[in-house]
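Participant: Just to be clear, the model below is a prediction. Sequence and coordinates:
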Amino acid sequence: MNNILLVEDDLSIIDGLVFSIEKNGFNVDVARTVKEAILRYQAHIYDLLLLDLTLPDGKGFEICEHVRQTSQIPIIFLTASDEEINIVKGLDIGGDDYITKPFKLNELISRIKALLRRVASFQEQAPIELRSNGLIVKLLENRVFKNNVELDFSPNEYKLLCIFMQNSSIVLTRETILNKLLDDKGNFIDDNTLSVYIRRLRSKVEDDANSPNFITTIRGLGYRWSVIL
């Protein structure tokens, strides 16, 4: 059963939405502020977010931007405004769809189901885990484990790890890595920052960062992720 986080502050809307969504076989949690939504998102695993645009302590855009630092789960904006600038901004920062109030509940349910079907179809084609000698990356959850112990990564450290593991045994030049790696605001990082990220990554995944097994420096060329059987 899919879990949905509904972020809406209007009590007159919440009850009807929750009833209709749950009637169609989904679990629903409700948050009424940006702060509460982020706390709930961090504490639970959701399959889709429904974000009202205007909230007491901010905008639904803020929640979307926070989530997109680590996850690509479907996001639908609920907005009372059909102004093009808000619609464009919502889609540009990572929203998947939007629906303007007042809307028909059946239309919203159809859009939810369509997005979840699209995600399910993509997941059938794409790998859901990356593995290498006791290291496991759970791509759908953006979580990393080493010998069954969860490791803590910043968004950019996680991106860098995935780049290496998805290109194992291939020498990646620094230029190639820099072209693939963006910071958490969507900006390119520089060469010195890349060196810092690689040092941090080694300190977390290697048994001995001074004698690395996974991330090998190829002098004059770049780096290679070694698959150890």
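Facilitator: It's in. Residues are numbered from 1 along each chain as shown.
Participant: Strands of this protein, start to end?
Facilitator: Counting by DSSP state E, the chain forms strands over residues 3-7, 27-31, 48-52, 54-55, 58-59, 75-79, 97-100, 129-132, 135-138, 143-146, 149-151, 171-173, 215-218, 222-225, given from the N-terminal end onward.
Participant: for the ones you listed, which one ends up most surrounded?
Facilitator: Highest mean neighbour count among the strands of the chain (mean count of other Cβ atoms under 10 Å): strand 48-52, with a mean of 24. Glycine gets a C-beta too; all of them are placed from N, C-alpha and C.
Participant: could you give the angle of it to strand 3-7?
Facilitator: With axes from the mean of the first three to the mean of the last three Cα atoms, to 10 degrees as the criterion, the two stretches strand 48-52 and strand 3-7 enclose an angle of 10 degrees.
Participant: mind listing what strand 48-52 pairs with, with the direction of each?
Facilitator: strand 3-7 (parallel), strand 75-79 (parallel) (DSSP bridges).
Participant: and that strand, average pLDDT?
Facilitator: Averaging pLDDT along strand 48-52 gives 96.
Participant: Show me the residue at the heart of the protein, geometrically.
Facilitator: Closest to where the C-alpha atoms of the chain average out (Cα atoms, centre = their mean) is residue 71, at 0.6 Å.
Participant: so what's residue 37 up against?
Facilitator: Taking Cβ atoms under 8 Å, 6 or more residues apart in numbering as the criterion, residue 37 is in contact with 5, 7, 31, 51, 55, 63.
Participant: swap the cut-off to 10 Å and go again
Facilitator: 5-8, 29-31, 49, 51-52, 55, 57-58, 60, 62-63, 66-67 (Cβ atoms under 10 Å, 6 or more residues apart in numbering).
Participant: same check, this time on residue 67
Facilitator: By Cβ under 10 Å, 6+ apart, the contact set of residue 67 is 5, 37-38, 41-42, 46, 49, 51, 73, 75, 94.
Participant: Return the distance of the longest helix along the chain from the chain's centre.
Facilitator: As assigned by DSSP state H, the longest helix anywhere in the chain is helix 105-125. Distance of helix 105-125 from the chain centroid (Cα atoms, centre = their mean, to the nearest Å) equals 17 Å.
Participant: What residues sit buried inside it?
Facilitator: Residues of helix 105-125 classed as buried: 108-109, 111-112, 115-116, 119 (neighbour count, 16 or more other Cβ atoms under 10 Å).
Participant: average pLDDT for that helix?
Facilitator: Per-residue confidence for helix 105-125 averages out to 84 on the pLDDT scale.
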